[in-house]
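J.: build me a structure from this.
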Amino acid sequence: MIDWAPDETVWEQMYAILRERIETGIYRPRMPIPSITHLEQEFGVARGTVRKVLGKLKEDGLLRAIPGKGTYVAPRD
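T.: Below is the predicted model:
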């Protein structure tokens, strides 16, 4: 999945993969996304990378964090 000798950075590749999963319905609206630990293991990246990607997805309105509950795919308009 992640190309370690890419034209794009690792976090940009991970961002694109997760964004595609949201846009294609693999991760459906209001569905919790996998934990940071799960994503670290799946992609073989550091916790900071996962946090950066999730932060960008939240900034773009694709994810919503619910304190004490987790991070969920934002409802679509």
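
J.: any low-confidence regions in this protein?
T.: Of all residues in the chain, those with pLDDT under 70 make up the ranges 1, 4-5.

J.: at 90 instead, please
T.: Applying pLDDT under 90 to the chain flags the ranges 1-10, 76-77.

J.: mind listing the strands for it?
T.: According to DSSP state E, the chain carries its strands in the segments 63-66, 70-73.

J.: return the most buried member of those strands.
T.: strand 70-73 (a mean of 17; mean count of other CB atoms under 10 Å). Where C-beta positions appear, they are placed from N, C-alpha and C, glycine not excepted.

J.: please name every helix or strand in contact with that strand.
T.: strand 63-66 (3 or more CB pairs under 8 Å, 6 or more residues apart in numbering; DSSP states H and E).

J.: just to revisit the earlier point, between the strands of the chain, which one is closest to residue 21.
T.: strand 70-73 (9.1 Å; CB to CB).

J.: of the strands of the chain, which is nearest residue 33?
T.: strand 70-73 (5.4 Å).
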